[in-house]
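Visitor: okay, here's the prediction I keep looking at, along with the sequence it came from:
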Amino acid sequence: MKSLAVLHASQLVTLAGPKRPRVGAEMSELGIIRNGGMLIRDGTIDMIGPSNEIEKKSRDAEIVDASGRVVLPGFVDAHTHLVFAGNRLDDFERRARGETYAQIAKAGGGIWSTVEKTRAANDIDLLEQAKKHASWFLKCGTTTVEAKSGYGLTVDDELKILRVIRRLKDETPLEFVPTFLGAHAIPHEDRQSPQRYVDLVINEMLPRVAKEKLAEFCDVFCEEGYFDIERSREISTAAKKLGLKLRIHADQLSNSGGAKLAGELNATTADHLEKTEEQGIAAMKAGGVQPVLLPGSVYSLGSTCYPRTREMIETGLAVVIATDFNPGSSPSPSMPMMLSVACTQMRMSPAEAMTASTINAAYSLGRGDKIGSIEPGKLANFSIFDCEDYRELAYWFGFSQTSSVYVNGERVTW
Ligand code: NIG
Ligand code: FE
């Protein structure tokens, strides 16, 4: 049996607590052990406690001396569009000159330009680029990501992306949770007949995805001009019947009822929510939906319209923070950057932001029993950061404080 002992963490931030997502005041309880340590056996956490007690039990173990640095559970990023070809540097520059996301999309940029590049790329090229993205996530201390399709928009191209995600699972240390987002945009060839594309998603894509077990979740970009409430309901209902769980891009550009739909369908998550108001928040609460807030896209699009985070926390919703990593609206894999924006712009405390990006995110992916905290029985996915206090991760910004990252007890960064 292989044993590893991590000793002398200035703070072992365990997030130990009830076996469910954390709400309200619970989001501030991080279960910190000062001068903490943990014992790992065969990739699983065996014991946690004061460093001197762990040291006594670690006679045969390889020692990792955290020497006064913070140890955190690996971040869990519950919303990424990680597989795509190329970049959107031209959109970026146009936005800097004052054009909006919507104007750029109309003028041939936006999601569609990434779809064209992704369709043209073969699976090997997509895999290579995605592996590079995966290494960026690991360097930022993220050990699990949700990854969506959505830049293919044909049966073959959507399946191509989901198969790349499956290979990434096997070929990188990062853990992946796959989501089918065929309903990301109406492809140009169906612009005059959007219902034809909705039927394709429902009758051809979803059954293939379910049969080949290529995704755990189905997502829809619920927004006027993309998939309206009716079409989002139709697609999500079909997905649910096939056994997929639901996530919904809701109320990002307008308060169009996406959060309410998520509540009605008991979706696992409603994501974005920049324009969601009281009714949407109440519907999420009634439907047991977790809000996934994406500060990176608000920041990167130069908007100041952040979601009503305090209201959501006060309503008792189990808030999640994620990167929304994608080439258009959020080209950042960095959870520490998201923590910074959450604390400076959304009035989350550093502790709430930490809970939102670890244990709550893990529950939103159906993996709360395996990851998201440092507790006996969980996978030894954790990071060591070059600071003494976990709050420094959100406080200092714009550079990496990562010292080392471990997945299943194995070091994966150098
Ligand atoms: O989550 N809102 C839809 N999808 C992405 C943007 C994708 C893109 O611009 O390529 C988002 O922000
Ligand atoms: Fe997104």
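Guide: Nice, I can see it. Ligands and ions are numbered 1, 2, ... in the order given.
Visitor: what's the burial count for the nearest residue to Ser373 once chain neighbours are set aside?
Guide: Nearest residue to Ser373, sequence neighbours excluded (Cβ to Cβ, 6 or more residues apart in numbering): Leu15, at 3.7 Å. C-betas here are computed from N, CA, C, even on glycine. Other residues lying near Leu15 total 23 when counted by other Cβ atoms under 10 Å.
Visitor: isn't there a helix covering Leu15?
Guide: No. Read with DSSP: H, G, I helix; E, B strand; the rest coil, Leu15 is coil and lies in no helix.
Visitor: burial measure for Pro173, as a count.
Guide: If we define neighbours as other Cβ under 10 Å, then Pro173 has 17 of them.
Visitor: that one contacts Lys139, doesn't it?
Guide: No. If you go by Cβ atoms under 8 Å, Pro173 and Lys139 don't touch, sitting 11.6 Å apart.
Visitor: for ligand 1, what's its nearest residue on this protein.
Guide: Closest residue of the chain to ligand 1, Cβ to the nearest ligand atom: Gly328 (2.3 Å).
Visitor: need the contact list for that residue.
Guide: 88, 91, 101, 110-111, 114 (Cβ atoms under 8 Å, 6 or more residues apart in numbering).
Visitor: go on, Tyr101?
Guide: Contacts for Tyr101 (Cβ under 8 Å, 6+ apart) come out as 95, 110, 253, 301, 328-329.
Visitor: run the last query once more with 6 Å
Guide: Leu301 (Cβ atoms under 6 Å, 6 or more residues apart in numbering).
Visitor: ok, Pro21 next?
Guide: Pro21 touches 318, 360, 363, counting by Cβ under 6 Å, 6+ apart.
Visitor: for the second one, the count of nearby residues, please.
Guide: It stands for Asn360. Counted with other Cβ under 10 Å, Asn360 comes out at 30.
Visitor: my guess is it contacts Ala318, does it?
Guide: Yes. In this structure, Asn360 is within contact of Ala318 by Cβ atoms under 6 Å, at 5.0 Å.
Visitor: would you mind listing what in this protein touches ligand 1?
Guide: Residues of the chain lying close to ligand 1 (Cβ under 6 Å from any ligand atom) are 81, 110-111, 114, 221, 249, 252, 297, 324, 326-329.
Visitor: most surrounded residue in those?
Guide: Most neighbours among these, by other Cβ under 10 Å: His249, with 30 neighbours.
Visitor: ok, for Ala102, nearest residue in space, not its chain neighbours?
Guide: Closest to Ala102 by Cβ to Cβ, 6+ apart is Leu253, at 7.4 Å.
Visitor: so what's the one you found scoring on pLDDT?
Guide: pLDDT for Leu253: 94.
Visitor: need phi/psi at it.
Guide: Backbone torsions of Leu253, given as degrees, to the nearest 10, read phi -100, psi -30.
Visitor: burial measure for it, as a count.
Guide: 20.
Visitor: can I assume the residue nearest to Ser373 is in contact with Ile359?
Guide: Yes. With contact defined as Cβ under 6 Å, Leu15 counts as touching Ile359 (4.7 Å).
Visitor: anything in contact with each of the two?
Guide: With Cβ under 6 Å, 6+ apart as the test, Leu15 and Ile359 both reach Ser373.
Visitor: please enumerate the helices of the stretch 301-414 of the chain.
Guide: 309-314, 335-345, 350-356, 359-364, 392-395 (DSSP state H, counting those that start in this stretch).
Visitor: show me what the third one is packed against.
Guide: Here helix 350-356 is seen to pack against strand 320-321, helix 335-345 when contacts are counted using 3 or more Cβ pairs under 6 Å, 6 or more residues apart in numbering; DSSP states H and E.
Visitor: ok, residues contacting the longest one?
Guide: To tie it back to what came earlier, the one meant is helix 335-345. Contacting residues not belonging to helix 335-345 are listed as 75, 140, 142, 295-296, 299, 306, 321, 323, 348, 350, 353, 357, 393-394, 397 [Cβ under 6 Å, 6+ apart].
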